[in-house]
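Trainee: A predicted structure for the sequence below; I have some questions about it.
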Amino acid sequence: MSDSPQHDRDSFGLGGIDADPPVRSLTFDTDEETYVAEFDGGDVSPSVAVISVVAKITGQSVTALRPLDHVVDPDALDRIVRHRPSGPSRNDRLVEFTYEGLTIQLSSGGVIEVGLPRAGNTE
């Protein structure tokens, strides 16, 4: 992907919404063409984490991105994903949607996976 940032498992540090994403880690897997971010739902809402990670990946400011509520209800997303299961991981909740041309998978286990667009895919 020539328009997307290429990182070979680079890590990005903690930071504010306008700086680095407010996540524990953000890495890129070149084989899967997927970013993986981990966040703590006690420190940041899942919807804010998604917006911040997408801004970092695309190189845009959070204000330049399309509002998340044009794609998914941020309050509902936060309620669903913030519910961390107390049992085995089979109870983990997963929400998937497309935002800014990227496939977003968000789990109640505090993980965001962002898939880059494949050739020929449009939003």
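Mentor: Yep, it's here.

Trainee: Going by contacts, tell me the helices and strands next to the lengthiest helix in the chain.
Mentor: Ranked by residue count and defined by DSSP state H, the top helix of the chain is helix 46-58. Under the contact criterion of 3 or more Cβ pairs under 8 Å, 6 or more residues apart in numbering; DSSP states H and E, the helices and strands touching helix 46-58 comprise strand 34-38, helix 74-82, strand 102-107, strand 111-115. C-beta coordinates here come from the backbone N, C-alpha and C atoms, glycine included.

Trainee: Arg93 is nearest to which of these?
Mentor: Distances from Arg93 to each of the helices and strands packed on helix 46-58 were compared by Cβ to Cβ, and the smallest falls on helix 74-82, at 5.8 Å.

Trainee: Can you tell me what sits against that closest one?
Mentor: 41, 45-47, 50, 68, 93, 95, 106-108 (Cβ atoms under 8 Å, 6 or more residues apart in numbering).
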